[in-house]
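In: what follows is a predicted protein model with its sequence.
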Amino acid sequence: MTLNSFERSRLRMDEARRVLAGGVSSNFRLGISPTPLVISRGDGPYLYDIDGNRLIDYYLGMGPMILGHNPPAVIEAARAQLDNGILFAGQTETEFEAARLVCEMVPCAQRVRFGSSGTEVVQAALRLARAATGRATIVKFEGHYHGWVDSVQWSVAPTAQSGGPPEHPIKVSGSVGQDPASGDHISILPWNDLRALEERLAQGDVAGVLMEPAMCNTSAIAPRPGYLDGVRAACTDSGAVLIFDEVITGFRVAAGGAQQLFGVTPDLATFGKAIANGFPVAALAGRADLMDMFVSAGVVHGGTYNAHPMCMAAAVATLRELRTGAVYLTIEERGRRLMTGISDLLSRHGLPARVQGFPGIFHVAFGIDSPIETYRDSLGVDRARYVEFTTAALARGVRALERGAWFLSSTHDDDVLERTLETLDAVVAGLVAEHDD
């Protein structure tokens, strides 16, 4: 078959670097092999780049596009709102409807506040936890990502050497230029280790426990049986506020997020990505007594673009479609089939690999075939060979994240899955033959 060329993207990126730092507006779009792409448009499960390539897309905007790239109801809702105006510095009925839907769908949501990014609403959650408890320390877990700002960019991706002993991780900053004092009130623990958390909470100084309820930024790791229930009980006993970062899992693994899927209700939860199918909407939801501290206790939360009318219209349209449950039934069936298909073809070609996670967000790891249950387990993957795999797949029309995550939308139909698996089969066969030579 003729392989895709990405020469126009490469040349355009070279030109863009003269005016745009690195040619991108997020560091997470840098360093993609063979080049970061310049996209022309999206349609359902497909992206079209400036080289004219049609790509089956499993990036899905890094998670938000659960209904595909151009769902008519969402596009029409946003377009209709623009006819009424852009920004008002006031409230709209659409904002109230979006809030009502979140409160109906999410178990912990007695109140909600909207923002523009997951990073922002995480900061609001931490502020509430500290205000409510009068304590300063936040427990964060090794390998969990909660945004790029200084206060939480700690031990997101440490090496085995820099991270120290697995049972007592060392706090590792995530960026040059990060304020070293911003981590003074962050305590790093291993995730999926209930005893470690119980021992830390026993010290009585923890304001909040911040975690992904399923570790989707690293290897799509599920909580061990009983872990989240134990965390919930330990936080209740110690008076710490339990915060689930559901920016990825929220509205993706279930209509009510991972808290619905696992049956454990946090005190606060943050959302983003799938909540508005690609429009910049985030949300903080939780207990009324905590959320009302924004009103009654002097806890400040602001933002010019919070609850932007156009974005709220997109959120309402998205949430109404997700609330029916049909999307999750579709993704459950197709996602399981894709996971099984990828696992089977890797096994058939004798390539050690692990496929795990959820139908709508799963992870493929090379070089390891046992369950990945902790961040340290994930350090054993062969990332270099996996990048060879994604690069070869891209050349044949399948776009998957180099970090191993695969996102699925309701528009990835049977034909798309069949072509994906046929393509990946050929890719893996080629890689194995190349390495055998």
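Out: On my side now, so go ahead.
In: give me the buried positions along stretch 333-349.
Out: Residues of stretch 333-349 classed as buried by neighbour count (16 or more other C-beta atoms under 10 Å): 334-335, 338-339, 341-343, 345-346, 349. The C-beta positions use only the backbone N, C-alpha and C, and glycine is treated the same way.
In: show me the domain layout of this protein.
Out: The chain breaks down by automatic domain parsing into domains covering 1-57, 72-323.
In: possible to save the ones you listed as JSON lines with distance to residue 401?
Out: Putting the domains of the chain into JSON lines (distance: least, C-beta to C-beta, whole Å) gives the following:
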{"stretch": "domain 1-57", "distance to residue 401": "9"}
{"stretch": "domain 72-323", "distance to residue 401": "11"}
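In: picking up where we left off before, need the max-distance pair from the buried residues of stretch 333-349.
Out: The largest separation in the buried residues of stretch 333-349, counting by C-beta to C-beta, is between 334 and 349 at 22.7 Å.
In: circling back: so which of the buried residues of stretch 333-349 are in helices?
Out: Using DSSP state H, the members of these that fall within helices are 334-335, 338-339, 341-343, 345-346.
In: residue 194 and residue 231, how far apart?
Out: From residue 194 across to residue 231, the span is 7 Å (C-beta to C-beta, to the nearest Å).
In: please apply the same query to residue 163.
Out: Going from residue 163 to residue 231 by C-beta to C-beta gives 21 Å.
In: kindly report the same for residue 27.
Out: 31 Å.
In: remind me what whichever strand or helix holds residue 420 packs against, helices and strands.
Out: Of the helices and strands defined by DSSP states H and E, residue 420 is found in helix 414-436. Helix 414-436 is packed against strand 54-57, helix 326-348, helix 383-395, strand 398-399, with contacts defined by 3 or more C-beta pairs under 8 Å, 6 or more residues apart in numbering; DSSP states H and E.
In: which among these is found nearest to residue 419?
Out: Go through the helices and strands packed on helix 414-436 one by one with C-beta to C-beta and the one that ends up closest to residue 419 is strand 54-57, at 6.8 Å.
In: ok, residue 265 - contacts?
Out: Going by C-beta atoms under 8 Å, 6 or more residues apart in numbering, residue 265 touches 107-108, 232, 259.
In: just flag the most distant two among these.
Out: Between any two of the contacts of residue 265, the greatest separation by C-beta to C-beta is 11.8 Å, found for 107 and 232.
In: tell me how far residue 326 lies from residue 348.
Out: Note on residue 326: its distance to residue 348, by C-beta to C-beta, is 33 Å.
In: what of residue 168?
Out: Applying C-beta to C-beta, the value for residue 168 to residue 348 is 41 Å.
In: chain neighbours aside, what residue packs nearest to the residue most central in space within the chain?
Out: Centroid-nearest residue in the chain: residue 248, 3.1 Å away (criterion: C-alpha atoms, centre = their mean). The shortest distance from residue 248 to any non-neighbouring residue, by C-beta to C-beta, 6 or more residues apart in numbering, is to residue 216 (4.3 Å).
In: got the residue ranges for the helices in the protein?
Out: Applying DSSP H to the chain gives helices spanning 7-16, 72-82, 93-105, 118-133, 194-201, 227-238, 257-262, 288-291, 293-296, 309-323, 326-348, 375-378, 383-395, 414-436.
In: for residue 132, what are its contacts?
Out: For residue 132, the contact set (C-beta under 8 Å, 6+ apart) comprises 207, 241, 290, 293.
In: need those residues in JSON lines (columns: neighbour count and distance to residue 433).
Out: Formatted as JSON lines, the contacts of residue 132 follow (neighbours: other C-beta atoms under 10 Å; distance: C-beta to C-beta, whole Å):
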{"residue": "207", "neighbour count": "24", "distance to residue 433": "55"}
{"residue": "241", "neighbour count": "26", "distance to residue 433": "54"}
{"residue": "290", "neighbour count": "23", "distance to residue 433": "57"}
{"residue": "293", "neighbour count": "17", "distance to residue 433": "61"}
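In: can I get these in TSV with distance to residue 18 and pLDDT?
Out: Formatted as TSV, these follow (distance: C-beta to C-beta, whole Å; pLDDT from 0 to 100):
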residue	distance to residue 18	pLDDT
207	46	98
241	47	98
290	48	98
293	47	98
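In: and which of those residues is nearest residue 357?
Out: residue 241 (27.4 Å).
In: quick check: the closest one touching residue 128?
Out: Yes. The criterion here is C-beta atoms under 8 Å, and residue 241 meets it with residue 128 at 7.2 Å.
In: shaky segments in this protein?
Out: Counting by pLDDT under 70, the ranges of the chain that qualify are 437.
In: distance of residue 113 from residue 358?
Out: From residue 113 across to residue 358, the span is 27 Å (C-beta to C-beta).
In: more crowded one of these two?
Out: More neighbours surround residue 358 than the other of residue 113 and residue 358, with 24 against 20 (other C-beta atoms under 10 Å).
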